[in-house]
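J.: with the sequence up front, the predicted model follows.
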Amino acid sequence: MAATHYLSVWKGCKMLWLAGLLATFASPAHGQINPGFSEDIILAQNTSSDIVWRRLNQQETRDTIDAILGSPMGIAGLNQLAIEGFIGFDCGKSYYQDVDGFRWLLQVNCRTPRGVSTAVAYDEIRVIFNYFEGRIESFTTERHGGDLPTGALRLD
């Protein structure tokens, strides 16, 4: 009896976490251009290559969110954001696609520096999803700003 109750409580907690995650990405801040990135086309700075990114319109953003939420690798990328504290209503989110159409960039800026370490905090995180043949194959995470040394701390 106690084990069944424990499992139902655990299941309820998981559902609340997922509901919070979905509510965060459906918030009014969702899809808005971040203060430092007002252009429709941006050049990736401090990345491993010179990728040109195009900002997605509202319909493309909705389609991208659906694809991310429908993919195990997409959920893994969102989990990385949650682990590092970049899920919240005070964080601005912007979505971009590379001009070749094989990558999506989810850029999240927060008002206060965050991160998994108390020694190094940063105020921007970028998750780059590699998309091929209708599914997300992999993702990379880049951290920018805050207490980071010049350039991005890139962890794959």
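T.: Received, thanks. Numbering: from 1, shown residues only.
J.: all strands of the protein, in order?
T.: Along the chain, the segments classed as strands by DSSP state E run 41-43, 52-55, 91-98, 103-114, 122-132, 135-144, 153-155.
J.: mean neighbour count and distance to Leu81 for the ones you listed - can I get that in CSV?
T.: Using the backbone N, CA and C atoms, a C-beta is placed for each residue, glycine as well. Formatted as CSV, the strands of the chain follow (neighbours: other CB atoms under 10 Å; distance: least, CB to CB, whole Å):
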stretch, mean neighbour count, distance to Leu81
strand 41-43, 13, 20
strand 52-55, 18, 18
strand 91-98, 22, 9
strand 103-114, 20, 6
strand 122-132, 21, 7
strand 135-144, 18, 8
strand 153-155, 13, 13
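J.: give me the beta-bridge partners of Thr141?
T.: Counting by DSSP bridges, Thr141 forms beta bridges with Val127, Leu155.
J.: picking up where we left off before, for Ser71, find the nearest of the strands of the chain.
T.: Of all the strands of the chain, strand 135-144 sits nearest to Ser71, with 4.3 Å by CB to CB.
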